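1. no FASTA, just this:
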């Protein structure tokens with residue numbers, strides 16, 4: 001999706017809101033504001049308004065002209081925030097070259113400040129590190145273990161022990177689980193949509209995965225690599241931009257559906273080992289296993305990618321077979 005955003009050129013869109021796996025504002029993209037719950041919020045372009053919500057990771061590489069008010073697992077700022085930054089996070093990093101035009105209010109386990117802060121700063125953290133490139137133009141009020149380049153603070157440095165260090169660390173597990181549950185529920189609703197509205201089609205897709213897993217995965221690999229490549233080439237043509245935009249949305253839905261079918265197939269295969277055949281239990285078990293696998297380092301990504309290939313390949317193969325049958329039926333009717 002990020003590759004598509006990079007390829008389609010400048011774009012101005014309305015606000016982005018709701019629950020999403022990831023929200024990406026591309027380098028040449030401009031949005032009005034972001035108010036969402038997401039696994040990742042990554043701003044490479046421009047947000048003309050504010051950013052608020054919950055996220056697993058927030059990365060600001062571009063420009064935010066308003067305020068940022070966020071609770072996240074990690075917050076990384078390499079770009080510019082013209083307004084205030086208020087963040088509760090496990091880790092907060094202001095990298096060299098980053099700029100906060102307004103006030104900084106941060107609560108985190110670890111805070112590293114190596115950028116510029118124009119307003120007052122109130123920081124609570126188990127560790128607070130001021131880098132060599134840090135520049136705090138006004139006062140700093142903190143609680144925690146402060147170290148590093150304290151000369152970077154132009155105003156007064158005051159420790160306020162009434163500011164609680166452990167506040168966010170107490171709620172951080174809840175925040176992490178909230179993200180995980182939100183994404184799980186979103187996937188579950190989409191899975192119910194697929195199985196409920198397209199039962200025969202879903203049975204065919206799942207049967208294709210069970211019957212020819214190797215061939216299906218190969219088709220999925222061709223689709224996952226080939227479709228984005230075709231869309232990227234199309235975007236470079238004069239009339240290709242509208243086609244690419246529509247194709248991007250279609251490919252996202254195909255990939256999402258493919259991942260769901262892959263996980264459902266995994267759940268049904270596990271159930272078949274104990275002689276249980278139920279698509280709905282397969283959906284629930286497959287989503288649980290997929291979510292658990294995702295949390296395992298070095299295993300979650302590859303395993304879910306394999307499920308994506310299996311589901312996408314079966315989905316594409318089923319669509320192609322049905323289209324061929326329709327064309328054959330029309331040809332037979334014409335000859336008749």
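-> Great, that's in hand. Computed from a predicted model, the values in this text were never measured in an experiment.
2. pLDDT below threshold where in the stretch 101-250 of the chain?
-> 164-179, 238 (pLDDT under 70).
3. would you map the strands across it?
-> For the stretch 101-250 of the chain, the strands defined by DSSP state E, counting those that start in this stretch cover 104-113, 116-117, 121-130, 135-136, 140-148, 157-159.
4. strand 104-113 and the fifth one, what's the angle between them?
-> Looking back up the chat, that one is strand 140-148. Using axes from the mean of the first three to the mean of the last three C-alpha atoms, to 10 degrees, the direction of strand 140-148 lies 0 degrees away from that of strand 104-113.
5. contact partners of strand 140-148?
-> 111, 120-132, 134, 153, 155-165 (C-beta atoms under 8 Å, 6 or more residues apart in numbering). C-betas here are computed from N, CA, C, even on glycine.
6. over to the last one?
-> Surrounding strand 157-159, the residues in contact under the criterion C-beta under 8 Å, 6+ apart are 139, 140, 141, 142, 143, 146, 150.
7. biggest separation within those, which pair?
-> Greatest spacing in those, by C-beta to C-beta: 143 and 150 (15.1 Å).
8. what about those two, which has more around it?
-> Neighbour count, other C-beta atoms under 10 Å: between residue 143 and residue 150, residue 143 has more, with 20 against 12.
9. roughly how far is stretch 255-264 from the heart of the chain?
-> Offset of stretch 255-264 from its chain centre (C-alpha atoms, centre = their mean, to the nearest Å): 17 Å.
10. next: stretch 263-280.
-> So, by C-alpha atoms, centre = their mean, the centroid of stretch 263-280 is 28 Å from its chain's centroid.
11. go on, stretch 296-311?
-> 16 Å.
12. then stretch 36-45?
-> 7 Å.
13. residues of that stretch that come out buried?
-> Neighbour-count burial for stretch 36-45, counted by 16 or more other C-beta atoms under 10 Å, picks out 36, 37, 38, 39, 40, 41, 42, 43, 44, 45.
14. before we move on, the earlier item: quick one: which of the strands of the stretch 101-250 of the chain is nearest residue 297?
-> Of the strands of the stretch 101-250 of the chain, nearest to residue 297 by C-beta to C-beta is strand 104-113, at 19.6 Å.
15. helices and strands around that closest one, which ones?
-> Strand 104-113 is packed against strand 85-94, strand 121-130, helix 167-197, with contacts defined by 3 or more C-beta pairs under 8 Å, 6 or more residues apart in numbering; DSSP states H and E.
16. related to what we said a few turns ago, just the buried ones out of the contacts of strand 140-148, please.
-> For the contacts of strand 140-148, a neighbour count by 16+ other C-beta under 10 Å gives the buried set as 111, 120-125, 128-131, 134, 153, 163, 165.
17. can you tell me which of the residues you listed is nearest residue 76?
-> Using C-beta to C-beta, the shortest approach to residue 76 within the buried ones among the contacts of strand 140-148 belongs to residue 111, at 12.0 Å.
18. who does that closest one form a beta bridge with?
-> residue 92, residue 128 (DSSP bridges).
19. quick one: contacts for it?
-> Remark: with contacts taken as C-beta under 8 Å, 6+ apart, residue 111 is in contact with 91, 92, 123, 125, 127, 128, 129, 144.
20. same question, residue 290
-> By C-beta under 8 Å, 6+ apart, the contact list for residue 290 reads 259, 263, 266, 304, 307.
21. tell me the phi and psi of it?
-> phi -60, psi -40 (degrees, to the nearest 10).
22. what's the answer for residue 269, then?
-> Torsion angles at residue 269 (phi, psi; degrees, to the nearest 10) stand at phi -70, psi -40.
23. distance from stretch 98-117 to the middle of the chain?
-> Worked out by C-alpha atoms, centre = their mean, stretch 98-117 lies 23 Å from the chain centre.
24. contacts for stretch 250-259?
-> With C-beta under 8 Å, 6+ apart as the criterion, stretch 250-259 contacts 1, 190, 194, 220, 223-224, 227-228, 231, 290, 304, 307-316.
25. one more time with 6 Å
-> Stretch 250-259 has contacts (C-beta atoms under 6 Å, 6 or more residues apart in numbering) with 227, 308, 311, 312, 315.
26. with stretch 196-204 instead?
-> Stretch 196-204 is contacted from outside by 194, 195, 318, using C-beta under 6 Å, 6+ apart.
27. make it 8 Å
-> For stretch 196-204, the external contacting residues (C-beta under 8 Å, 6+ apart) are 194, 195, 261, 264, 279, 318.
28. ok so, going back, out of the contacts of strand 157-159, which is most surrounded?
-> For the contacts of strand 157-159, the largest number of neighbours (other C-beta under 10 Å) sits with residue 140, at 24 neighbours.
29. how much space between that one and residue 78?
-> 21 Å (C-beta to C-beta, to the nearest Å).
30. dump the helices and strands packed on strand 104-113 to CSV, plus distance to residue 241.
-> Below are those laid out as CSV (distance: least, C-beta to C-beta, whole Å):
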stretch, distance to residue 241
strand 85-94, 35
strand 121-130, 43
helix 167-197, 28
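31. what's the average pLDDT for the longest helix belonging to the chain?
-> Ranked by number of residues, the top helix in the chain under DSSP state H is helix 300-335. Here helix 300-335 scores 84 as its mean pLDDT.
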